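Peer 1: How does the following fold in three dimensions:
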Amino acid sequence: MKRLLQSFLKQCIKTGSLTVVMPNGDRLSSGDGTGVPLVVTLKDNKAARELFFHPQMALGELFTDGRLTVSGGTVYDLLELLGHNLHSLTPPQFGWLQHTLRNLLEPFHRANSEGKSRDNVHHHYDIDDRIYELFLDSDRQYSCAYFETPDQDLETAQLAKKRHIVSKLLVKQGAKVLDIGSGWGGMALYLAGIAGAEVTGVTLSPEQLKVSKRRASERGLAKRIDFRLQDYRALTETFDRIVSVGMFEHVGLKDYETYFKTVRRCLKDDGIMLLHSIGRLDGRSAMNPWFEKYIFPGSYVPSLAEVFPAIEKAGLIVTDVEVLRLHYADTLLAWRKRFMVRRAEAAALLGERFCRMWEFYLAAGEAGFRYGGLMVFQIQLAKKIDSVPRTRDYISAEEDRLRKREKQANADHTVAAE
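Peer 2: I've put the predicted structure just below:
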């Protein structure tokens, strides 16, 4: 195993500096000696075999279990090193075969029933609610922020994300808006409190629903927002506008046609929909098995080529597409920094193993958006070709209008507090 692993390392790590310490103390080095001198220590012989034959699963699993440790830098430094060497990262023959089979079989096991969807949501979102307070912004936006400038802080960038999305919806006072996957309620609160909409928000997470309803009540918006524990497929009403942020990743490839047919059924004839989701820049690919098992079961990250056919079959028109490339990498960096500062609090809540898993999740996510072909897309949809203006100038104009309303709302809040 030592010789196989040494050969693998030399083949894959061309730049940087990586040393792997085997369980018996043997040291295997690779790279050109530049950068941070990282040392990975394997605690047992089985760990070495797992890493060689199942690298996509084993790296995160071994780190989470404490059977693989990183010194000389962080686990993100290790993932960044792998990202820099991505062009030469050829997995062993068994790993390549597994990856190929996963891609071939992907369409056949991606049906997410209502029950399975609830279970998948529960796995990630119904853990101890205090964990999310450790690293999210004050509005609990658990999706890609929109950094208008590189030096924006997370709070400002998440507010900019909401503003940017709502500007594309052209929301009029009193409009009926559906939020599919309403999370902790931040988007619905913005739509009702700033844009003046009447909002229906649906989620499958009982914990998120509790927080959403409480926040709406605290802000005096409970009469304008109807938060429900409901699957989007069960909706029967129609709406002027529909928004969905960070939920489409959990739909599953096999259910795309159902998703967009539901959107079409629920959207009024002159309505507009904005879909914000993680996607792939480099074509179709199976989900990373570690993420699928430990973080987001039942999820799938599509290329645009996999999304557009379902939109067209549903009879919807794509009126605008925007690709956000590095915004999520910067978002995950901010989350990871915040989490690491308050790591001890997380450990007190859910233990060290959870902290290692969460650190790997945030680090791997960031590396994926910097080096692994991931991005975020925003697709604007309509039923009619003239539902939105001909040029994109209206987006900036709407953002300016919403900024003024934000300032007024803050001023009103300040006066009320006094």
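Peer 1: The nearest residue to Val21 once chain neighbours are set aside: how many residues sit nearby?
Peer 2: Using C-beta to C-beta, 6 or more residues apart in numbering and skipping the chain neighbours, the partner closest in space to Val21 is Thr41 (4.3 Å). In this view, the C-beta of every residue, glycine as well, is placed from N, C-alpha and C. For Thr41, the count of nearby residues is 17 (other C-beta atoms under 10 Å).
Peer 1: Just the pLDDT at Thr41, thanks.
Peer 2: Looking at Thr41, its pLDDT reads 97.
Peer 1: quick one: what helix or strand has it in it?
Peer 2: strand 37-42 (DSSP states H and E).
Peer 1: repeat for Asn410
Peer 2: Per DSSP H and E, Asn410 falls inside helix 393-417.
Peer 1: who touches that helix?
Peer 2: With contact meaning C-beta atoms under 8 Å, 6 or more residues apart in numbering, helix 393-417 is reached by 159, 163-164, 166-168, 170, 193-195, 388.
Peer 1: Check stretch 259-270 too.
Peer 2: 178, 232-233, 235, 237-240, 242, 248, 251, 273, 310-311, 313-316, 381-384, 387.
Peer 1: Just the buried ones among those, please.
Peer 2: For those, a neighbour count by 16 or more other C-beta atoms under 10 Å gives the buried set as 178, 232, 235, 239-240, 242, 248, 251, 273, 310-311, 314, 316, 381-383, 387.
Peer 1: For the residue most central in space within the chain, give me its contacts.
Peer 2: Nearest residue to the geometric centre of the chain (C-alpha atoms, centre = their mean): Ser143, 5.3 Å. Contact analysis of Ser143 by C-beta under 8 Å, 6+ apart lists 161, 183, 245-246, 276.
Peer 1: Could you dump these into a markdown table with neighbour count, pLDDT and secondary structure added?
Peer 2: Listed next are the contacts of Ser143 as a markdown table, based on neighbours: other C-beta atoms under 10 Å; pLDDT from 0 to 100; DSSP: H, G, I helix; E, B strand; the rest coil:
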| residue | neighbour count | pLDDT | secondary structure |
| --- | --- | --- | --- |
| Lys161 | 29 | 98 | helix |
| Gly183 | 25 | 95 | coil |
| Val245 | 25 | 98 | strand |
| Gly246 | 17 | 95 | coil |
| His276 | 25 | 98 | strand |
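Peer 1: between those residues, which is nearest Ser7?
Peer 2: The nearest member of the contacts of Ser143 to Ser7, counting by C-beta to C-beta, is Gly246 at 41.2 Å.
Peer 1: Quick check, the closest one in contact with Gly183.
Peer 2: Yes. If you go by C-beta atoms under 8 Å, Gly246 and Gly183 touch, sitting 7.1 Å apart.
Peer 1: which neighbours do these two share?
Peer 2: Contacts common to Gly246 and Gly183, judged by C-beta under 8 Å, 6+ apart, are 142-143.
Peer 1: one step back: can you list the residues that contact the strand holding Thr41?
Peer 2: Identification of contacts with strand 37-42 by C-beta under 8 Å, 6+ apart yields 16-23, 48, 51, 62, 67-73, 77-78, 81.
Peer 1: change it to 7 Å
Peer 2: 17-23, 48, 68-73, 77-78, 81 (C-beta atoms under 7 Å, 6 or more residues apart in numbering).
Peer 1: That strand: partners in the sheet, and parallel or antiparallel?
Peer 2: Strand 37-42 has the following strand partners under DSSP bridges: strand 17-21 (parallel), strand 68-71 (antiparallel).
Peer 1: Can you give the distance from whichever helix or strand comes after it to the centre of its chain?
Peer 2: Scanning forward in sequence from strand 37-42 by DSSP H and E, the next helix or strand is helix 45-53. Remark: helix 45-53 is offset 29 Å from the chain centroid, using C-alpha atoms, centre = their mean, to the nearest Å.
Peer 1: what do you get for stretch 352-366?
Peer 2: Computed by C-alpha atoms, centre = their mean, the chain-centroid distance of stretch 352-366 equals 14 Å.
Peer 1: Could I get the buried residue list for that stretch?
Peer 2: Residues of stretch 352-366 classed as buried by neighbour count (16+ other C-beta under 10 Å): 354-366.
Peer 1: okay, among those, which ones form the most distant pair?
Peer 2: Within those, two members stand farthest from each other by C-beta to C-beta: Phe354 and Glu366, at 18.8 Å.
Peer 1: Which stretches in this protein count as strands?
Peer 2: Per DSSP state E, the chain carries strands over the ranges 17-21, 27-31, 37-42, 68-71, 176-180, 198-203, 225-229, 239-245, 267-280, 317-324, 374-382.
Peer 1: from the strands paired with strand 37-42, which stretch is densest packed?
Peer 2: Highest mean neighbour count among the strands paired with strand 37-42 (mean count of other C-beta atoms under 10 Å): strand 17-21, with a mean of 20.
Peer 1: send the alpha carbons of it over as CSV?
Peer 2: Below are the C-alpha coordinates for strand 17-21, written out as CSV (Å, rounded to 0.1, in the frame of the first residue of the first chain):
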residue,chain,number,x,y,z
SER,A,17,4.3,20.6,-0.6
LEU,A,18,2.5,17.5,0.9
THR,A,19,3.8,14.9,3.2
VAL,A,20,1.7,11.9,4.2
VAL,A,21,2.8,10.1,7.4
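Peer 1: Got the domain ranges for the chain?
Peer 2: Split into domains by automatic domain parsing, the chain comes to 2-107, 114-417.
Peer 1: Return the residues in contact with Ile317.
Peer 2: Shown in contact with Ile317 (C-beta under 7 Å, 6+ apart): 381-383, 385.
Peer 1: Now the two most distant members of those residues.
Peer 2: Every pair of those checked by C-beta to C-beta; the farthest is Leu381 and Ile385, at 11.7 Å.
Peer 1: Distance-wise, check Gly186 relative to Ser71.
Peer 2: To Ser71, Gly186 is 39 Å away according to C-beta to C-beta, to the nearest Å.
Peer 1: Equivalent analysis for Leu4, please.
Peer 2: Distance of Leu4 to Ser71, given as C-beta to C-beta: 23 Å.
Peer 1: for Val263, same thing?
Peer 2: Distance of Val263 to Ser71, computed by C-beta to C-beta: 49 Å.
Peer 1: what about the stretch 151-300 of the chain, any weak spots by pLDDT?
Peer 2: Applying pLDDT under 70 to the stretch 151-300 of the chain picks out no residues at all.
Peer 1: Show the model's pLDDT score for Leu86.
Peer 2: 79.
Peer 1: Burial check on the nearest residue to it once chain neighbours are set aside, number of neighbours?
Peer 2: In space, and not counting its chain neighbours, Leu86 is closest to Tyr371: 5.6 Å by C-beta to C-beta, 6+ apart. Neighbour count of Tyr371, defined by other C-beta under 10 Å: 16.
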